[in-house]
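> need a structure here:
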Amino acid sequence: MTDTAPRPGLRLLDFKPLRKGALIGFATVELPIGLEIRDCPVCMSRGKAWAGLPGKPQLKDDRVIRDERGKLVYSTILDWRERGLRDAFSERVVALVREHDPQAFAGGDGP
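The predicted structure follows:
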């Protein structure tokens, strides 16, 4: 028996605006399989908006690592197996945030 019931798509559960540089805020989303992903960064720079998967700051000797500009360096903890999946996720999260908060990207053109 084939399951032909429509499957729910990616859902936005929460969006917390936080403007800092290119950062617009953080989204919590739910994948169709029921997995919640919290604190997905949503950004905008040079007119382009994108969303990513959460990361964690890199540590050395119990201290955070910073790059030459003084910004925190992050480690990847989740990743997509191919670029197309990453891009589709990003586009969908951005669309959901725009739908939820039409002003979320207003004036957000970061560095």
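> which stretches of this protein form strands?
11-20, 23-30, 36-45, 48-51, 55-57, 59-60, 63-64, 74-76 (DSSP state E).
> which of those sits most buried?
strand 23-30 (a mean of 20; mean count of other C-beta atoms under 10 Å). Placement of C-beta: from N, CA and C, glycine included.
> can you list the strands that that strand pairs with?
strand 11-20 (antiparallel), strand 36-45 (antiparallel) (DSSP bridges).
> so which of those strands is nearest Asp87?
strand 36-45 (14.2 Å; C-beta to C-beta).
> mean confidence for that closest one?
Average pLDDT, strand 36-45: 97.
> alpha carbons of that strand, as CSV, please.
The C-alpha coordinates for strand 36-45 follow below in CSV (Å, rounded to 0.1, in the frame of the first residue of the first chain):
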residue,chain,number,x,y,z
GLU,A,36,12.7,20.7,15.4
ILE,A,37,15.7,22.8,14.6
ARG,A,38,16.2,25.7,16.9
ASP,A,39,18.2,28.9,16.4
CYS,A,40,18.6,28.8,12.7
PRO,A,41,20.3,32.1,11.8
VAL,A,42,18.4,34.2,9.3
CYS,A,43,20.5,36.8,7.6
MET,A,44,20.5,39.5,4.9
SER,A,45,23.4,41.2,3.1
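> tell me where the model's unsure across the protein.
Low-confidence segments of the chain, defined by pLDDT under 70, span residues 1-8, 108-111.
> hang on, the earlier thing: make JSON lines out of the strands of the chain and add distance to Ala88.
Shown next, in JSON lines, are those (distance: least, C-beta to C-beta, whole Å):
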{"stretch": "strand 11-20", "distance to Ala88": "15"}
{"stretch": "strand 23-30", "distance to Ala88": "13"}
{"stretch": "strand 36-45", "distance to Ala88": "14"}
{"stretch": "strand 48-51", "distance to Ala88": "11"}
{"stretch": "strand 55-57", "distance to Ala88": "19"}
{"stretch": "strand 59-60", "distance to Ala88": "32"}
{"stretch": "strand 63-64", "distance to Ala88": "32"}
{"stretch": "strand 74-76", "distance to Ala88": "18"}
